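Q: only geometry, no sequence info:
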Ligand SMILES: NC(=O)c1ccc[n+]([C@@H]2O[C@H](COP(=O)([O-])OP(=O)(O)OC[C@H]3O[C@@H](n4cnc5c(N)ncnc54)[C@H](O)[C@@H]3O)[C@@H](O)[C@H]2O)c1
C-alpha cells in the first residue's frame, strides 16, 4: 500500500464515519485516514436532543460503528486531532502537531458549529449549547425536577430540548425571535401544531422575544433580561439559534465557499481531488435545480455514498430529497421534500391537525413539493415517491383519507 494512494477524511461526525464505510464498500483498498478533532469516534447527533438526552439510549448505541470496526476495516482513526490547513496544490493536509499528510483524495466533512449568543452574560456557566455528546450530558444534568430552564431559539434544537426538559420536570420558557417557532420552515398552520403541543405540555412559549442579557451570581446563570425589560429567573440557559458551516479550512485553501463549501452534484468541490459532504456541503441538487446545504442527519447519512463513489472515479449523483424527523413528547413527525417560503402556494392537510395526527402536503400548483406526517406512520416513502414522480394531483384527493396515497402515484 503506497501512501500515494491515501484517502483522507477530515471530520469526525456521521458523514465522516459513513464515508469511511462507503469507501471500503466500494473498493478503496489503499490507506484510509479519518481525522477528527473530537476524542469520541464518529457518532450520530439526533439522539443528543432526543433519546440520549432523555436517558432512553446509551452511549454505545449512538456510534456510527462499533469500537473494533475501524481497525477491522483498516481505517486509521486520528481522533482529538485538528487539521490546521489544506494545500490543494501539494495535495497534503497539515495537522495541529505540525505533521503533514499527503492525500490522493480528500473529503471535507467538517460539519457545523452552533451560533453563539452575543449578549452580555452569554459566557456565564450554565449557558449551554448542544452539538456534542458532552453537551447533551451537561443538558441532561441541568434538566431536573423544578429547575428553571430558559431556551433561546424555537427551532428544532430549542423545541426538542424544551420537550426533554419538561419531561424531566423542569419549568421551561422558550424565547423565539419570530412570531411563531418553526414558522419559516413549516408555514403557519403546521407551526401552530408544534406551538400548541408545547403549550399543552406547560411550556411558556414567548414569541417576538429578544434576549438582552444573561444575569448571574458567582459566575453562574440566575436569569435573563428581555428587551421589554422583563426578567426571567433561570438555573440554566439553552441556546439553539442556528448553526454555521465549518468552512475555514476550505476558505483558506481557496475552495469556492458560499453558504458552505460549494460542490457539484457529484460532491466535488472547485479544487481537484477535494470533495465535501454533510452539513458543510452546499451541493448542486439536480432534482431541485439549485444548490442546497442541508443541516440534517439524513443528508450526512446518504451523501457519503455519492462522495465515496466519486472519489473512486465512479459516476454518482446526489439527488435524494431532504428528510428529517422529530420526536417531542408523544408526537413523532417525519418530513421529506423541500418547501422554502415562496416555493409553495398552499398547504393541504389530510387528517386532524388539532388532534396532532395528520399528513400535510406543501403544494406548488398541482404538485406536491414536500410532505410531513405527524403521528401517522409508514407513509413517508410514498410521499417521497409522489414528490419525485412530479405527478399532478388535486387538493380534494390529497385531503381525503379514504384515497390511498399509493393510488396517486403514476402507474409504471
Ligand atoms: N429533528 C431535527 O431534524 C433536528 C434536531 C436538532 C437540530 N437540527 C438541525 O440543527 C441545526 C441547528 O438547530 P437550531 O434549532 O439551533 O437552529 P434553527 O435554525 O432550526 O432554529 C433557530 C431558531 O432560533 C431563532 N432565533 C435565532 N436567534 C434568536 C435569538 N437571538 N433569540 C430568539 N430566537 C432566535 C430562529 O428564529 C429560529 O427559530 C438546524 O439546521 C436544525 O435543522 C435538526
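A: Cool, the structure landed. Quick caveat: nothing in here was measured; it's all calculated off a predicted structure.
Q: how about the residues of this protein near the ligand?
A: 49, 152-158, 160, 175-178, 181, 211, 240-243, 295-296, 324, 326 (Cβ under 6 Å from any ligand atom). (Glycine included, C-beta is placed from N, CA and C.)
Q: My understanding was that residue 132 contacts residue 39; is that so?
A: No - in this structure, residue 132 is not within contact of residue 39 by Cβ atoms under 8 Å, at 10.0 Å.
Q: So for the two, which sits in the more crowded spot?
A: residue 132 (18 against 11; other Cβ atoms under 10 Å).
Q: got a list of what the nearest residue to that one once chain neighbours are set aside touches?
A: Counting by Cβ to Cβ, 6 or more residues apart in numbering, residue 132 lies nearest to residue 38, which is 6.4 Å off, once chain neighbours are set aside. Shown in contact with residue 38 (Cβ atoms under 8 Å, 6 or more residues apart in numbering): 12, 79-80, 132.
Q: so which strand or helix has residue 38?
A: In the assignment (DSSP states H and E), residue 38 maps to no helix and no strand.
Q: Next up, the contacts around the closest residue to the ligand within the stretch 51-200 of the chain.
A: Per Cβ to the nearest ligand atom, the residue of the stretch 51-200 of the chain with the smallest distance to the ligand is residue 155, at 1.9 Å. Residue 155 sits next to 181-182, 185, 240-242 when contact means Cβ under 8 Å, 6+ apart.
Q: Please, where are all the helices along the stretch 51-200 of the chain?
A: In the stretch 51-200 of the chain, the segments counted as helices under DSSP state H, counting those that start in this stretch are 69-72, 133-142, 156-167, 183-186, 188-200.
Q: Which among these is found nearest to residue 343?
A: For these, proximity to residue 343 was assessed by Cβ to Cβ; helix 183-186 is nearest, at 11.8 Å.
Q: Okay, buried residues for that closest one please.
A: Using 16 or more other Cβ atoms under 10 Å as the burial criterion, the residues of helix 183-186 that qualify are 183, 185-186.
Q: Against which helices or strands is that helix packed?
A: Helices and strands touching helix 183-186, by 3 or more Cβ pairs under 8 Å, 6 or more residues apart in numbering; DSSP states H and E, are helix 188-200.
Q: and the next element down the chain from the helix it packs on?
A: Proceeding N to C from helix 188-200, the next assigned helix or strand is strand 204-206, under DSSP H and E.
Q: Pull up the pairing partners for that following strand, direction included.
A: strand 171-175 (parallel) (DSSP bridges).
Q: Could I get the average pLDDT for the partner strand?
A: The average pLDDT within strand 171-175 is 98.
Q: how far is it from where the chain is centred?
A: 22 Å (Cα atoms, centre = their mean, to the nearest Å).
Q: Equivalent analysis for stretch 171-184, please.
A: Taking the mean of its C-alpha atoms, stretch 171-184 sits 19 Å from the chain's own mean (Cα atoms, centre = their mean).
Q: Point me to the residue of the stretch 1-150 of the chain nearest the ligand.
A: residue 49 (5.1 Å).
Q: Flag the shaky bits of this protein, pLDDT-wise.
A: For the chain, the stretches with pLDDT under 70 are 1-3.
Q: Looking at it, which helix is longest?
A: The residue-count maximum for a helix in the chain (DSSP state H) belongs to helix 297-311.
Q: Which elements pack onto that one?
A: Short answer (3+ Cβ pairs under 8 Å, 6+ apart): helix 297-311 packs on helix 14-25, strand 105-108, strand 274-276, strand 323-328.
Q: Now do that helix against strand 323-328, angle only.
A: Following axes from the mean of the first three to the mean of the last three Cα atoms, to 10 degrees, one obtains 150 degrees for the angle between helix 297-311 and strand 323-328.
Q: From residue 328, how far out is the nearest residue in space to residue 322 that is not next to it in sequence?
A: Among residues not flanking residue 322 along the chain, residue 294 sits closest, at 5.0 Å (Cβ to Cβ, 6+ apart). Counting by Cβ to Cβ, to the nearest Å, the separation of residue 294 from residue 328 is 21 Å.
Q: and if you look at residue 261?
A: Distance from residue 261 to residue 328, by Cβ to Cβ: 32 Å.
Q: Angles on the backbone of the residue nearest the centre of the chain, please.
A: Residue closest to the mean C-alpha point of the chain, counted by Cα atoms, centre = their mean, is residue 296 at 2.9 Å. Here the main-chain torsion angles of residue 296 (degrees, to the nearest 10) amount to phi -130, psi 150.
Q: residues contacting it?
A: Applying Cβ under 8 Å, 6+ apart, the residues near residue 296 are 322-324.
Q: ok, 6 Å please
A: residue 324 (Cβ atoms under 6 Å, 6 or more residues apart in numbering).
Q: can you check residue 352 too?
A: Residue 352 neighbours (Cβ under 6 Å, 6+ apart): residue 358.
Q: beta partners for residue 79?
A: residue 36.
Q: How about residue 151?
A: Beta-bridge partners, per DSSP bridges, of residue 151: residue 174, residue 238.
Q: so it makes contact with residue 158?
A: Yes - counting by Cβ atoms under 6 Å, residue 158 is a contact partner of residue 151 at 4.8 Å.
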